[in-house]
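1. Sharing a model that was predicted from the sequence below.
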Amino acid sequence: MSGKTYKESYEKYRLFFTKTSFRMSVLRFVYFFCPYAMALGYVLCLIVSAGMGKVQLFRSLLGPMLAFLGVSVFRSLMDFRRPYEQDGIIPLIGKEKQGHSFPSRHAASAGVIATAWCGVSIPAGICFLILAVLISASRVAAGVHYCRDVVVGLAIGIICEWIVLIIF
């Protein structure tokens with residue numbers, strides 16, 4: 001970071017998004033709406049998977065279950081602090097939660113759902129991977145996660161489902 005603190009670097013994000021109401025609206029939309037779109041997409045993935053047979057449905061259920069449980073347990077055990085706790089930043093989107101920052105469960109869930117879609121339809125999987133990256137980036141831009149939180153979360157989600165797709 002070339003001598004700058006995280007707080008000083010984050011201020012650049014903050015200024016970018018607060019410069020216009022449109023930018024803040026886009027951030028809020030991605031932050032709040034896109035996880036619901038991802039969840040709805042997962043329901044659709046399960047429906048399509050069920051139509052493809054029991055093995056595909058099992059794949060689409062097992063990877064997300066492993067990723068969600070693994071990330072949840074790890075977060076509880078490690079209890080990493082969030083940027084607004086550790087560095088005293090003012091998040092763009094207020095959040096009261098303390099700790100449990102690493103890895104990001106939103107990013108892990110989005111990554112595993114997108115990868116589950118890859119097992120069903122590559123084009124749909126690519127679209128959901130783009131959505132997963134947007135969700136992850138919104139967490140960093142909002143100031144509720146560090147970049148490492150979302151990168152590791154995405155990686156865990158993708159790897160969990162990838163392993164399930166290879167094994168089964």
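-> It's in.
2. Could you tell me which ranges of this protein sit under the pLDDT cut-off?
-> For the chain, the stretches flagged by pLDDT under 70 are 1-3.
3. Which secondary structure element is home to the residue most central in space within it?
-> Closest to where the C-alpha atoms of the chain average out (C-alpha atoms, centre = their mean) is Ala107, at 1.5 Å. Element membership for Ala107, per DSSP states H and E: helix 105-120.
4. List phi and psi for Pro91.
-> phi -70, psi 150 (degrees, to the nearest 10).
5. meant to ask about Ser9, not that
-> Recorded main-chain torsions at Ser9 are phi -70, psi -40, according to degrees, to the nearest 10.
6. measure it to Phe17 for me?
-> The gap separating Ser9 from Phe17 is 14 Å, by C-beta to C-beta, to the nearest Å. Bear in mind the C-beta positions are built from the backbone N, C-alpha and C, glycine included.
7. of these two, who's got more company?
-> When neighbours are counted by other C-beta atoms under 10 Å, Ser9 and Phe17 differ, and Phe17 comes out ahead with 21 against 13.
8. Now do the same contact list for that one.
-> 23-24, 27, 92, 141 (C-beta atoms under 8 Å, 6 or more residues apart in numbering).
9. ok, back up a step: ok, the residue nearest to the centre of the chain - contacts?
-> 132, 135-136, 139, 145, 149-154, 157.
10. Which of those sits closest to Trp117?
-> Among these, Ala132 lies closest to Trp117 (C-beta to C-beta), at 9.8 Å.
11. my guess is the closest one contacts Ala108, does it?
-> No - the pair Ala132 and Ala108 fails to qualify as a contact (C-beta atoms under 8 Å) at a distance of 9.5 Å.
12. Find residues that contact each of these two.
-> Contact with both Ala132 and Ala108 is made by residues 154, 157, according to C-beta under 8 Å, 6+ apart.
13. rewinding a little: just the ones of the contacts of Phe17 in helices?
-> Among those, the members falling in helices (DSSP state H) are 23-24, 27, 141.
14. Neighbour-wise, which one of the residues you listed leads?
-> Of the ones in helices among the contacts of Phe17, with other C-beta under 10 Å as the count, Ala141 tops at 22 neighbours.
15. Val48: how many residues sit nearby?
-> Neighbourhood size, Val48 [other C-beta under 10 Å]: 16.
16. For this protein, which segments are assigned as helices?
-> Under DSSP H, the chain gives helices at 6-18, 21-28, 34-52, 54-78, 83-86, 105-120, 122-142, 147-167.
17. now, of those helices, which is deepest in the fold?
-> Mean neighbours per residue, mean count of other C-beta atoms under 10 Å, is largest over those for helix 105-120, with a mean of 26.
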